[in-house]
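Enquirer: Prediction below, plus the sequence it came from.
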Amino acid sequence: MIKLAKVSKFFKTKAGKKYILKDVSMILPSDKNIGILGRNGTGKSTIMRMLGQIEFPNKGNITSDKSFSWPLGLSGGFVGNMTGKANVKFVCRLYGKSEKEITEIINYVKDFSELDDYFDMPIKTYSSGMRSRLSFGLSLSFNFDYLLIDETLSVGDAKFRKKSQMALIKKIETCKVLLVSHDMGTLKDICDSGIVVHNGNMEYFEDINVAIEEYKMINK
Amino acid sequence: MVKRSSFKIFLAVQNALFLRELSMRFSSGRIGIFWTFFEPFFQIMVFILIKLLIFNSGDNHFDFAVFLALNFTAFNMFKNIVMKSTGAFKANKALFIYKQVKPIDTIIARTMVEIFITGIIILIFLLIGFYFDFDMVVDDLSMVGFGFLWLMVFAFAFALVVAVFNVFVDSIGKLISFFMTALMFTSAVFYPIEALPLELQHWLMYNPVAHFMEIIHGFYFEALDDRFVSYGYIFLWTIILLYMGLWLYVKLEKRIISI
């Protein structure tokens, strides 16, 4: 369960406060994979970051007894001049993994991400697709209650996209997903319900298809 | 996911950050490593030369080379903790995506790395000292250690204040290296306070770092003492800086995370 209590979030711009959420209260159920929809710039990623507790509301609060992954996005939490392997090791240590577990995770991620030689090269030599492969593979190795995924599924070549979607479908047997995407197909495949973010408000829909219809209305 | 206690999380984060910082320090190119360990030798040589050539006196009631090694080790530790922490928030921005990494963790980790490097430098000096038979007899080892420990806390507090300011005021990072050079000349690093004219002594003792240097070499050498040190004065400095740093940090943590 994720509880939003009177949450307001805004950014200050020269033209005044730009609200992403304005006084929103809501309870999101735990047993659903939720897609987050909205036009560019409405604050989907910011909401995701707030759920991951690395961005905070200006008013109100968001509480949950669940664990969240870091938001898997294009920018990725990696250090440019360290190798892919060193970055994986670093994240494992952050989550307090033992040396034995770290070795297992490294092997898994190396295998999954298909980076081959690049795995031992600095991240700054990676393309954005390669970065998200690493980030996604790594997140699959941990047991979070929620995976926060921000568009990462839509990068990479067709083969890898298919592979990561398969892996994700397998993963959501044991955990739930909050997914930001503009790809309606992916949303339908993975999510049960949806949130539409629009004009400083967010609305929850039991059925992802209804959410998609609503989103299409807004987009007209 | 198994719930971990917050202290366990803190330790895991520190472990990860420490190893990362260390490997970055040592993989950032050979010049970097070389300079880390060569800098104190360079400083010592320069000041021995200055003393011999300009003041033309090699005599002292303590070993001047050992005096310089001791002081520069302590001062460099202070300087590096502050300098490396100044940019720590911005340099580690990418890591705040993991919610267990708090910005202050990066300062703690960098402080730990500097302390670790200081430890290695002390070891190198000891080996050289024994090999070349320098007179390294310590008057009161526990007080010297106490001086170092206190200086670490002071440096951390100072570093925290500077780091928080550096996020919101861009020019601080550039000013700090100039400030450190000025501090080196006024902190009793290559002279004891007692060797200065009376008028100057009074003024220099407003500088808290000079007090730490006086504690450290005052208890190291039989021939020197801590009569210029005001423990209350540096205690006040430490408390005020620590309080100010933590207060500012707590107020601004959320803004620092999303820089």
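Expert: Ah, there it is.
Enquirer: If we ignore the residues flanking it in sequence, what's nearest the residue in the stretch 51-200 of chain B positioned nearest to chain A?
Expert: Here the stretch 51-200 of chain B gets closest to chain A at one residue, residue B:97, 3.7 Å apart by Cβ to the nearest Cβ. All C-beta spots, glycine's among them, are computed from the backbone N, C-alpha and C. In this structure, residue B:97 finds its nearest non-sequential neighbour in residue A:77, 3.7 Å apart by Cβ to Cβ, 6 or more residues apart in numbering or on different chains.
Enquirer: That neighbour touches residue B:99, doesn't it?
Expert: No. Assessed by Cβ atoms under 8 Å, residue A:77 is found out of contact with residue B:99, at 10.5 Å.
Enquirer: Those two - which one has more neighbours?
Expert: Between residue A:77 and residue B:99, counting by other Cβ atoms under 10 Å in any protein chain shown, residue A:77 is the more crowded of the two (22 against 17).
Enquirer: Could you tell me which residues touch both of residue A:77 and residue B:99?
Expert: With contacts taken as Cβ atoms under 8 Å, 6 or more residues apart in numbering or on different chains, residue A:77 and residue B:99 have residue A:70 as neighbours in common.
Enquirer: contacting residues around the spatially most central residue of chain A?
Expert: Closest to where the C-alpha atoms of chain A average out (Cα atoms, centre = their mean) is residue A:149, at 1.9 Å. Contact analysis of residue A:149 by Cβ under 8 Å, 6+ apart lists A:71-72, A:136, A:168, A:177-181.
Enquirer: what secondary structure does the residue nearest to residue B:97 sit in?
Expert: Following DSSP: H, G, I helix; E, B strand; the rest coil, we place residue A:77 in the coil state.
Enquirer: Same check on the one 4 residues further on?
Expert: Secondary structure, three-state DSSP: residue A:81 is coil.
Enquirer: Please verify my assumption that it contacts residue B:24.
Expert: Yes. Proximity of residue A:81 to residue B:24 meets the contact threshold set by Cβ under 8 Å, at 7.2 Å.
Enquirer: Between these two, which is the more surrounded one?
Expert: For residue A:81 versus residue B:24, the count of surrounding residues by other Cβ under 10 Å is larger for residue B:24: 16 against 12.
Enquirer: Secondary structure element holding the more buried one?
Expert: Here residue B:24, judged by DSSP states H and E, is contained in helix B:6-27.
Enquirer: cool, residue A:8 as well?
Expert: strand A:2-13.
Enquirer: Whatever helix or strand comes next after that strand - which strands sit beside it in the sheet, and in what orientation?
Expert: Using DSSP H and E, the helix or strand that follows strand A:2-13 towards the C-terminus is strand A:16-28. Partners of strand A:16-28 in the sheet, by DSSP bridges, are strand A:2-13 (antiparallel).
Enquirer: Could I have the CA atoms of the partner strand written out in PDB?
Expert: Taking Å, rounded to 0.1, in the frame of the first residue of the first chain, the C-alpha atoms of strand A:2-13 are listed here in PDB:
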ATOM      1  CA  ILE A   2       1.200   3.400  -0.900                       C
ATOM      2  CA  LYS A   3      -0.400   6.300   0.800                       C
ATOM      3  CA  LEU A   4      -0.300   9.900  -0.400                       C
ATOM      4  CA  ALA A   5      -1.600  12.400   2.100                       C
ATOM      5  CA  LYS A   6      -2.300  15.900   0.800                       C
ATOM      6  CA  VAL A   7       0.700  15.800  -1.400                       C
ATOM      7  CA  SER A   8       1.700  19.000  -3.200                       C
ATOM      8  CA  LYS A   9       4.700  19.200  -5.400                       C
ATOM      9  CA  PHE A  10       5.800  22.200  -7.500                       C
ATOM     10  CA  PHE A  11       8.800  23.700  -9.200                       C
ATOM     11  CA  LYS A  12       9.500  27.300  -9.100                       C
ATOM     12  CA  THR A  13       9.800  28.900 -12.500                       C
END
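Enquirer: what pLDDT, on average, does that strand get?
Expert: Strand A:2-13 shows a mean pLDDT of 88.
Enquirer: neighbouring contacts of that strand?
Expert: With contact meaning Cβ under 8 Å, 6+ apart, strand A:2-13 is reached by A:17-28, A:30, A:43, A:46-47, A:50-51, A:55, A:57-64, A:66.
Enquirer: Now a PyMOL select for only the buried ones of those.
Expert: Selection of buried members from the contacts of strand A:2-13 for PyMOL, criterion 16 or more other Cβ atoms under 10 Å in any protein chain shown:
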select buried, chain A and resi 19+20+21+22+24+28+43+46+47+50+51+55+57+62+64
